[in-house]
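**Q** sequence unknown, structure follows:
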């Protein structure tokens, strides 16, 4: 399978399937929960949309890495929470309703923030004299088609055909997992010769991004006196990003597979901290019942 087919067909299709699955699980009330607990939603979104990119930028300055790898890490930090965060929040006995709300809102907001902040990052890491490979208008349109359109389609199907939507959601979740595994495998095969050099740069940076962001999300929500299930939810939402979207942007829109390596490594490592979050969340729920 050639890289052009991967970036032109497999990546957009897999991302659309994942976003369709998210849409099938959403109802209009998910966007109205902000009225019920605005404090928790605000803290979660600020942690994800403001603090996470700052953490990513600091890591690129502290950990020695090539400009393309640094750019890939920044794109990952700019992405919204992944759909896996909802499942892991449920297993960790976190606030699932808040998790779904944060995922939905961040998915909408980042359609507009990724092109703008991504352009700034591209100019910083790749060079101001380089051709800007992330045109704002075009990128917004592409992300809209890959993310928001499938979400809206899924929500529409959920409203009109609820039983069919619930059964289709299970299929899309399985298919999305398979497609993500195929994408990561193809990226590993493509970059196999340079993978050892990348791992030294990517591995440490990815681990730091994942762990620090989860700690920041958890302790900020704890400092703001949110209840334990909300603390667990925000830690997971901030810590588990949409790696598929990051890969689609770097390998697809930017057409640079090297930049996709951080997202590919991250998509594997985040499940390690996800399992730790599940264990800790269950222990916290047992000692601090709400």
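**A** Now that the structure is in, tell me what you want to look at. Just so we're clear, the structure is a prediction, and the values are computed from it rather than from any experiment.
**Q** packing partners for the strand or helix carrying residue 87?
**A** Here residue 87 sits within helix 84-91, counting by DSSP states H and E. When contacts are defined as 3 or more CB pairs under 8 Å, 6 or more residues apart in numbering; DSSP states H and E, helix 84-91 sits against helix 96-126, helix 228-239, helix 257-287. Yep, even glycine has a C-beta here, placed from its N, CA and C like the rest.
**Q** closest to residue 172 out of those helices?
**A** With CB to CB as the measure, helix 96-126 is the member of those nearest residue 172 (15.2 Å).
**Q** what comes up buried for that closest one?
**A** Judged by neighbour count using 16 or more other CB atoms under 10 Å, the buried positions of helix 96-126 are 96-107, 110-111, 113-115, 117-119, 121-122, 125-126.
**Q** roughly how far is that helix from the heart of the chain?
**A** A distance of 9 Å separates the centroid of the chain from that of helix 96-126, by CA atoms, centre = their mean, to the nearest Å.
**Q** same deal with stretch 153-166?
**A** Chain-centre distance of stretch 153-166: 24 Å, with CA atoms, centre = their mean.
**Q** need the distance between the two termini of that stretch.
**A** End-to-end distance for stretch 153-166: 14 Å, by CA to CA, to the nearest Å.
**Q** next: stretch 85-96.
**A** 9 Å.
**Q** sorry, back to before: of the helices and strands packed on helix 84-91, which approaches residue 170 most closely?
**A** Counting by CB to CB, residue 170 lies closest to helix 96-126 out of the helices and strands packed on helix 84-91; the figure is 16.7 Å.
**Q** the closest one - contacts with which helices or strands?
**A** Helix 96-126 makes packing contacts with helix 11-25, helix 38-46, helix 52-62, helix 67-78, helix 84-91, helix 136-143, helix 228-239 when contacts are defined by 3+ CB pairs under 8 Å, 6+ apart.
**Q** between the ones you listed, which gets nearest to residue 202?
**A** helix 67-78 (5.9 Å).
**Q** quick one: buried residues of the closest one?
**A** If you call a residue buried by 16+ other CB under 10 Å, then helix 67-78 has these buried ones: 67, 68, 69, 70, 71, 72, 73, 74, 75, 76, 77, 78.
**Q** residue 114 versus the fourth one, what's the distance?
**A** Pointing back at residue 70 there. For residue 70, the distance to residue 114 equals 16 Å [CB to CB, to the nearest Å].
**Q** cool, the last one as well?
**A** Using CB to CB, we find residue 78 at a distance of 5 Å from residue 114.
**Q** ok, residue 226 next?
**A** Look at residue 226 and residue 114: by CB to CB, they are 27 Å apart.
**Q** for residue 263, same thing?
**A** Separation of residue 263 from residue 114 (CB to CB): 13 Å.
**Q** identify the contacts common to those two.
**A** Residues touching both residue 263 and residue 114 (CB atoms under 8 Å, 6 or more residues apart in numbering): residue 75.
**Q** now residue 256. Its backbone dihedrals?
**A** Dihedral pair for residue 256: phi -140, psi 90, per degrees, to the nearest 10.
**Q** and it, what does it touch?
**A** For residue 256, the contact set (CB under 8 Å, 6+ apart) comprises 68, 71, 72, 133, 250.
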